[in-house]
Each structure stands twice: as structure tokens, then as C-alpha cells.
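J.: The following comprises the amino acid sequence and a computationally predicted model.
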Amino acid sequence: MTTNDKARRVWDLPVRICHWSFVLLLPALWWTAENSEMGWHKRLGLLLLALLVFRIAWGFVGSSTARFASFVKGPGAVLAYFRGTTSHAGPGHNPAGGWSVVALLLAMAVQVTTGLFAGDPYDGSTGPLNDLVRTMTADTLTEVHEFTFNVILALVALHLLAVIYYSAVKRDRIVPAMVTGSRLLPAGVTGMEPVPAWRAFACLAVGAALSLWVANGAPPL
């Protein structure tokens, strides 16, 4: 950072709410599963489903830094960033961080989807769509559900290491930026480009509607 850097808005409110909701939901989901609080586990899982649908939709119609197109780059751009041949001075995720976001979203999507069908009806712990699949399929999905959580833990660990590195070594205040929405950017670099608020409400409505439909057993429309 230099004396010419200026604080600019880089993350919108929906992105920040999703981010910190994921931070709270993942340990809560683990705790409820480990302590046989399956009623709450299902409710929290459905909330996670709604948030994931919202975040994915927001990745296409949201503010500039929230869109996948702004931070999902090709392998060449990622390698160049790691080699230091190119720098990242933009307001959002760098090329490596962008793929970290995608990996976490995909892992959580797999975790939620398998959880909807997972479980054993004989012990009373099943997902809301368990009766739509055969017992052997449900058993397989249950194993995937449990394994994917370990994948998520590994991805979260890598994410935390990256946060520590950028905060301690590069002196980049990325955590406060995810709280306030603003960070210091080099002179001449613009912040995020906002979009109308109705788009966020539309994405939220889609996520909530899908989660409610799933909670009711995905009845024919």
C-alpha cells in the first residue's frame, strides 16, 4: 500500500452476508450432526441451500466484483499470478482467490445436494428427498456427504492460510474489507460497480423458493 491508495467499495452487502453466513453455518452444521440434532441440521442445511442458490445467481447478475466473470480466470492467468509475472490491482479476488471461491461453492453444493437424499429411514435421520432414491443410492450419497465435509475442511484450511499470508506478509487487510465492504486500492483503480437492489431480492426469492420446495419433498409443480 502507498500513500496514494484510497479506500473504495469492493464488496457489496449480499456478498458479505453470504460470506459470514457460510462461516457460521459450516461449524453449526457439523455440531448438529455430531450431536444428533438432526432437526436443526436439516433446517440449517436448507438455509445453506438457499444461500448457495442466491450466491450462485448473484455471481451472474450481482455487482461487478461478485460476478464469476470478474474473478474466474484461465490457467494461464493463475500461473502468471503465482509466478509474479502479473500483479492483481483490481478491486476483487485475485486469479487464485477466484478459483478458491469456486471450489468452496462447488464443495458446499455437493455437500448440500447429497445431504438432501442422505440418511437411513430406519434410524429416523434422513434428508427431505431421501424417499426419492433407493436405499443403496442413499447409502452412497451419505458416504459422499460425509467425505465432502472433509474436502470442505481442507479448502477452508487453505483459505485461512491464504488469509494469514496476505494479512501478515503482504499487509493486505482483506478481512476488514469483508466486514466493511471497503479496502485501500491503488490510485486509478476503481471500486466495484453496483447493481439495482431488486436483483438481490429476486435472487433471494429464487433461493428461498427452491429451499421451501425441497423442504416439502419437492412435490410436482
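T.: Arrived safely, thanks for sending. Residues are numbered from 1 along each chain as shown.
J.: which residues of the chain fall in strands?
T.: 6-9, 119-120, 125-126, 182-185 (DSSP state E).
J.: which secondary structure elements does the second one contact?
T.: Put plainly, it is strand 119-120. If contacts are counted by 3 or more CB pairs under 8 Å, 6 or more residues apart in numbering; DSSP states H and E, strand 119-120 sits against strand 125-126, helix 135-168. Bear in mind the C-beta positions are built from the backbone N, C-alpha and C, glycine included.
J.: who touches the first one?
T.: Residues external to strand 125-126 that are found in contact with it (CB atoms under 8 Å, 6 or more residues apart in numbering): Ser36, Met38, Ala118, Gly119, Asp120, Ala138.
J.: neighbours around Leu221, how many?
T.: 4 (other CB atoms under 10 Å).
J.: do the same with Ala77
T.: Count around Ala77 with other CB under 10 Å applied: 16.
J.: from what I can see it touches Asn94, true?
T.: No. Using CB atoms under 8 Å, Ala77 is not in contact with Asn94; the gap is 9.5 Å.
J.: what's the pLDDT at the most centrally placed residue in the chain?
T.: Closest to where the C-alpha atoms of the chain average out (CA atoms, centre = their mean) is Leu105, at 4.3 Å. For Leu105, the pLDDT comes out at 97.
J.: what's stretch 151-161 in contact with?
T.: Against stretch 151-161 from outside (CB under 8 Å, 6+ apart): Leu26, Ser100, Ala103, Leu104, Ala107, Met108, Gln111.
J.: same thing but 10 Å
T.: Contacts of stretch 151-161 with the rest of the structure, by CB atoms under 10 Å, 6 or more residues apart in numbering, involve 22-23, 26-27, 29-30, 97, 100-101, 103-104, 106-108, 110-111, 144.
J.: Could you export the helices and strands packed on strand 119-120 to JSON lines, including columns for distance to Gly191, mean neighbour count and mean pLDDT?
T.: Output for the helices and strands packed on strand 119-120, formatted as JSON lines (distance: least, CB to CB, whole Å; neighbours: other CB atoms under 10 Å; pLDDT from 0 to 100):
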{"stretch": "strand 125-126", "distance to Gly191": "46", "mean neighbour count": "18", "mean pLDDT": "88"}
{"stretch": "helix 135-168", "distance to Gly191": "19", "mean neighbour count": "15", "mean pLDDT": "93"}
